[in-house]
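**Student:** Sequence and predicted structure below; questions after.
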Amino acid sequence: MSGLEKPIPMSSKRVTNLRGHADVPGDKSISHRSLILGALSIGKTKIHGLLEGQDVIDTAKAMSSFGALVEKHKNGEWTVDGFGVGGFAEPQKVIDCGNSGTGVRLIMGAMSTSGISATFTGDASLNERPMARITEPLNLFGAQTFSRRNGKLPITVVGSEAPIPITYHTPVASAQIKSAILFAGLNSPGITTVIEKEKTRDHTERMLQGFGARVLSEKTSEGNIIKLEGYPELKAQEIRVPRDPSSAAFPVCAALITEGSDILVPNIGLNPTRSGLFESLKEMNANVTFENENSQGGEPMADIRAKFSPNMVGIDVPPDRAASMIDEYPILSVVAAFAKGKTMMRDVRELRVKESDRIDAMAKGLKSNGLKIEEGEDWWSVEGREIDGVDGGGLCETFLDHRIAMSFLVLGMASKRTITIDDSSPITTSFPTFESLMSKIGANFQKLEP
C-alpha cells in the first residue's frame with residue numbers, strides 16, 4: 001500500500017480503438033521547482049498548470065512550513081509569496097515529503113546553507129530510498145546531517161551558518177543531486193560547480209536563469225560543467241508548466257499496442273534531456289509524430305500523436321540515453337513485450353533505487369504474464385511476443401510504485417487475458433487523473449475489493 005490509504009486492487013481488460021485527446025497533467029519536475037524557486041524569490045510567483053499530485057502538494061506544504069505563503073486560487077492558478085534566498089524560517093514540525101524523492105532532495109539542498117534545522121521524513125517507500133548521495137555534498141557546504149543507518153530518512157539537516165561553495169563530481173547521473181547542490185549554492189559565496197559525466201535533465205538550470213540567477217553550462221572533455229554564482233536576488237516569475245512527458249508516456253504507449261488506436265496528447269514538454277523515450281519508440285518503428293511544435297519559457301513543446309503500430313521491433317537502447325528516460329523504462333518494457341525480437345536496456349542501475357527496484361518489479365510482473373525476461377545488476381531485456389502475443393492473466397505487485405502500477409495497467413489493455421495489480425493507490429502521487437483520462441480514451445479499468 002502507498003502509506004496514504006488502503007490498497008486498491010485494479011484490473012485492466014483488453015480494449016481496441018483508443019480515440020481522443022489525452023490531456024495529461026503538468027510536468028512534475030517543473031512543478032516541484034516552480035514552488036521551491038517561488039519560495040526563494042522576492043515577490044509573488046504565479047504558476048499556471050501546476051501538477052496537483054500528492055508529491056507536488058507535499059512540496060507546497062513544505063514551502064509553507066519554511067515561511068512562504070503558498071495559495072491555490074479558484075481559477076486553478078497557484079501563487080507563492082517568497083522569502084528570498086537564505087530567508088528560510090525554522091519549521092515547527094517534521095517535513096513530510098510523502099513519496100517524493102525529488103521533493104525531499106531538492107528541499108534539503110535549498111535549506112542546507114541557511115542557519116536553521118529541519119527534520120525530513122516520508123512514506124514507507126521514500127524512507128527506504130538512498131539519501132547519502134545528497135547529504136554527502138551538502139555536508140561539504142558545512143551543513144550537518146543526521147540520518148538512520150545507511151543514510152536513510154528520517155534525516156535532520158542542521159544548515160550551515162557560514163557555507164562555503166564547492167566543486168562536486170556527481171557519482172551517478174542524477175538531476176536531483178545536481179539540483180540539490182545548485183540550490184545549496186544559492187546561499188553560498190562565490191561559485192558553486194557541479195560536474196556530471198552525462199548531461200541530466202536541465203530544468204533547474206533553465207529555471208534558475210529565468211528567476212535571475214547567473215548559471216553557466218558547458219560541455220567539456222571532463223563532462224557537463226555547471227557553474228552557479230552565489231547570493232543572487234531571485235525575482236518572482238509567471239510560470240506556465242508544460243504537460244509532463246513522463247505522464248504522456250502512458251497514453252502514447254497504450255495507443256501503440258492497442259489495435260485501431262489514434263490519440264493526440266497535447267502541449268507536452270519535449271526538453272531534450274527528457275525525450276529519450278520518444279526517440280527509442282521511433283527506433284522501434286512506432287508511429288509517433290510531433291505536431292504544433294513551439295516553445296514556452298525556454299522549454300520546447302509539441303502535441304504528440306500516437307497510432308497503433310503492429311510492426312514494432314526490439315532495439316538495443318543506447319546506454320547514454322538512460323538519463324533522458326530513466327522514469328520511462330518500465331513503460332518502454334511494456335511496449336517491448338509487443339515488439340518483434342529482444343529489447344535490451346543497459347546502464348540502468350538507477351532503476352534499482354527508485355520508488356521501488358523497478359528492474360525487479362517489472363521483471364516479476366512481466367514474467368507472471370508470460371514474458372521472457374533476463375536481468376543483471378544494471379541491465380535487463382524483454383523478449384517481445386509481437387502484437388496479440390502477450391498472454392496476460394497475471395497478478396502484478398506494484399511495490400508502492402506509481403509507474404509500476406500504471407505500466408501494468410497499460411499492459412492489460414493489449415493482453416489476451418485481464419491483468420490485475422495489487423494496489424493502484426500510489427498512482428495519485430504523480431498522475432491523479434490517470435484512471436479517468438485513460439477511461440475517457442477507451443481503457444477498461446475496474447477497481448476491485450482488496
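**Tutor:** Perfect, thanks for sending it. Numbering: from 1, shown residues only.
**Student:** who's in contact with Asp58?
**Tutor:** Asp58 makes contact with 96-98, 100, 103, according to CB atoms under 8 Å, 6 or more residues apart in numbering. The way it works is simple: take the backbone N, C-alpha and C, and place the C-beta from them, glycine included.
**Student:** so which helix or strand takes in Ser217?
**Tutor:** Using DSSP states H and E, Ser217 falls within strand 215-220.
**Student:** Off-centre distance for that strand?
**Tutor:** From the chain centre to the centre of strand 215-220 is a distance of 24 Å (CA atoms, centre = their mean, to the nearest Å).
**Student:** partner strands of that strand, parallel or antiparallel?
**Tutor:** Using DSSP bridges, the strands paired with strand 215-220 are strand 223-229 (antiparallel).
**Student:** Can you check the pLDDT for Leu4?
**Tutor:** Leu4 carries a pLDDT value of 46.
**Student:** on that earlier part again, for the strand holding Ser217, which positions count as buried?
**Tutor:** Val215 (16 or more other CB atoms under 10 Å).
**Student:** Which residue is the nearest non-sequential neighbour of the residue at the greatest distance from the centre of the chain?
**Tutor:** Going by CA atoms, centre = their mean, the residue of the chain most distant from its centre is Ala162, 32.6 Å out. Nearest in space to Ala162, with sequence neighbours left out and distances taken as CB to CB, 6 or more residues apart in numbering, is Gly142 at 6.3 Å.
**Student:** Quickly note the distance from the one you found to Ser114.
**Tutor:** Going from Gly142 to Ser114 by CB to CB, to the nearest Å gives 11 Å.
**Student:** Looking at these two, which one has more neighbours?
**Tutor:** Counted by other CB atoms under 10 Å, Gly142 and Ser114 do not tie: Ser114 has more neighbours, with 25 against 18.
**Student:** per-residue pLDDT, the more buried one?
**Tutor:** Per the predicted model, pLDDT is 97 at Ser114.
**Student:** so it touches Leu186, yeah?
**Tutor:** No. Ser114 lies out of contact with Leu186 (CB atoms under 8 Å); the separation is 9.9 Å.
**Student:** Common neighbours of these two, please.
**Tutor:** With CB under 8 Å, 6+ apart, Ser114 and Leu186 have common neighbours Gly86.
**Student:** among the contacts of Asp58, who's most crowded?
**Tutor:** That'd be Gly103 among the contacts of Asp58, by other CB under 10 Å, with 30 neighbours.
**Student:** ok, that residue - contacts?
**Tutor:** Gly103 sits next to 32, 55-56, 58-59, 62, 97 when contact means CB under 8 Å, 6+ apart.
**Student:** now do Gly67
**Tutor:** By CB under 8 Å, 6+ apart, the contact set of Gly67 is 39, 83, 87-89.
**Student:** The same query, at a cut-off of 10 Å, please.
**Tutor:** Contact partners of Gly67, counting by CB atoms under 10 Å, 6 or more residues apart in numbering, are 39, 81-84, 87-91, 116.
**Student:** backbone phi and psi for it, please?
**Tutor:** Phi and psi for Gly67, reported as degrees, to the nearest 10, are phi 120, psi 0.
**Student:** Confirm for me that Thr429 is in contact with Thr59.
**Tutor:** No. If you go by CB atoms under 10 Å, Thr429 and Thr59 don't touch, sitting 11.6 Å apart.
**Student:** For Asp81, list each beta-bridge partner.
**Tutor:** Judged by DSSP bridges, the bridge partners of Asp81 are Lys44, Leu69.
**Student:** Keep only those of the contacts of Asp58 that are in helices.
**Tutor:** Mapping the contacts of Asp58 onto helices (DSSP state H) picks out Gly103.
**Student:** Among the contacts of Asp58, find me the one that's closest to Leu264.
**Tutor:** Ser100 (29.5 Å; CB to CB).
**Student:** Quick check: Val85 vs Asn271, distance?
**Tutor:** 25 Å.
**Student:** Between those two, which has more neighbouring residues?
**Tutor:** Each of Val85 and Asn271 has its neighbours counted (other CB under 10 Å); Val85 has more, 25 against 20.
**Student:** Let me know the pLDDT of that one.
**Tutor:** 98.
**Student:** List the residues that contact it.
**Tutor:** By CB under 10 Å, 6+ apart, the neighbours of Val85 are 37, 39-42, 110, 113-114, 183, 186-188, 211, 213, 230-234.
**Student:** Leaving aside the residues adjacent along the chain, what's closest to it?
**Tutor:** Per CB to CB, 6+ apart, closest to Val85 is Leu186, 4.9 Å.
**Student:** what residues are up against the one you found?
**Tutor:** Leu186 neighbours (CB under 10 Å, 6+ apart): 37, 40, 84-86, 109-110, 113-114, 163, 192, 208, 211, 213, 228-232, 234.
**Student:** how much space between Ile257 and Lys447?
**Tutor:** Ile257 is 23 Å from Lys447, where distance means CB to CB.
**Student:** Those two: which is more packed in?
**Tutor:** Ile257 (26 against 11).
**Student:** if I read this right, that one contacts Val334, doesn't it?
**Tutor:** Yes. Under the criterion of CB under 10 Å, Ile257 makes contact with Val334 at 7.3 Å.
**Student:** Now the common contact residues for the two.
**Tutor:** 390, 410-411, 413-415.
**Student:** And for Asp291, the neighbour number?
**Tutor:** Check again: residue 291 is Glu, not Asp. Residues within reach of Glu291, counting by other CB under 10 Å, total 10.
**Student:** Distance check, it against Trp78.
**Tutor:** 29 Å.
**Student:** Show me which of the contacts of Gly67 is closest to Arg129.
**Tutor:** Taking CB to CB as the measure, Arg129 lies nearest Pro91 of the contacts of Gly67, at 21.4 Å.
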